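Student: okay, structure incoming, though there's no sequence with it:
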């Protein structure tokens, strides 16, 4: 899983976290990508409450000693959690030798042609043994498609048209709608039937609509009882 640089003198070698750059405070992103990242991460935490997982955006992943981290726009890693003391140096980013596995899903959002999403980054994620690599290119900077999905088969990535990610029991879909006041086409997690994972705000709005519907039905029933000569307040 982790490259041979982590094995030294027939023993597992764990790099010194104090010598690693866990954050550099130089991140520069755009409005659309930042909002898209928040949608993917936020909806996972609002909807997958009974699962153990880690979803994050713009967090460095160290996959081999003596190599710089790669920083995906979004990743999802199952059956792991951020350690309780996340301010400790060794807990500030995703070190594969510490978590014991790569993320299952990595997502890159394309806003220009400088990210090497279909070249260098693809090869790194392939070497990391990421199960699914997804590239969302809304402005078609890289070709004539908006969405690229790669699935790891053995040791190689293969592009697929299947957007259901069997190994994580989730899918991805392009969804036209409004998020935080912005109408656009968004990349979203979905269930197998295509229903998107709702955000916390969407869950609250849905609950409010159901409550209003229940109130209307109750009022209609009360009126019907009164027409029959029955006082609903006495029932």
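Tutor: Yep, it's here. A quick note: this is a predicted structure, and the numbers were derived from the prediction, not measured. Residues are numbered from 1 along each chain as shown.
Student: buried set for stretch 135-155?
Tutor: Across stretch 135-155, burial judged by 16 or more other CB atoms under 10 Å covers 135-138, 142, 146, 148-152. Quick note: C-beta positions are derived from backbone N, CA and C, even for glycine.
Student: between those residues, which is nearest residue 81?
Tutor: residue 152 (23.3 Å; CB to CB).
Student: tell me which two of the buried residues of stretch 135-155 sit farthest apart.
Tutor: 138 and 152 (24.5 Å).
Student: look up how far residue 110 lies from residue 145.
Tutor: Distance check for residue 145 against residue 110: by CB to CB, to the nearest Å, it reads 11 Å.
Student: common neighbours of these two, please.
Tutor: residue 137 (CB atoms under 8 Å, 6 or more residues apart in numbering).
Student: can you give me the strands for the protein?
Tutor: 7-8, 11-12, 53-57, 61-62, 74-78, 94-95, 105-109, 132-136, 147-153, 156-160, 164-165, 170-179, 182-190 (DSSP state E).
Student: okay, now the sheet partners of the third one, with direction.
Tutor: If I follow you right, that is strand 53-57. strand 74-78 (antiparallel) (DSSP bridges).
Student: what does the partner strand contact?
Tutor: 37, 40-41, 44, 51-57, 59, 61, 94, 99, 101-107, 109, 168, 170.
Student: circling back: same list, the strands of the chain, but as TSV with distance to residue 212 please.
Tutor: As requested, the strands of the chain are exported to TSV (distance: least, CB to CB, whole Å):
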stretch	distance to residue 212
strand 7-8	61
strand 11-12	58
strand 53-57	32
strand 61-62	45
strand 74-78	34
strand 94-95	43
strand 105-109	36
strand 132-136	35
strand 147-153	36
strand 156-160	42
strand 164-165	34
strand 170-179	20
strand 182-190	24
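Student: ok, and the closest non-adjacent residue to residue 180?
Tutor: residue 35 (6.4 Å; CB to CB, 6 or more residues apart in numbering).
Student: pretty sure the one you found contacts residue 183?
Tutor: No. Residue 35 is beyond contact range of residue 183, at 12.0 Å (criterion: CB atoms under 8 Å).
Student: what's the neighbour count on residue 213?
Tutor: Residue 213 sits with 10 neighbouring residues when counted by other CB atoms under 10 Å.
Student: what of residue 109?
Tutor: 24.
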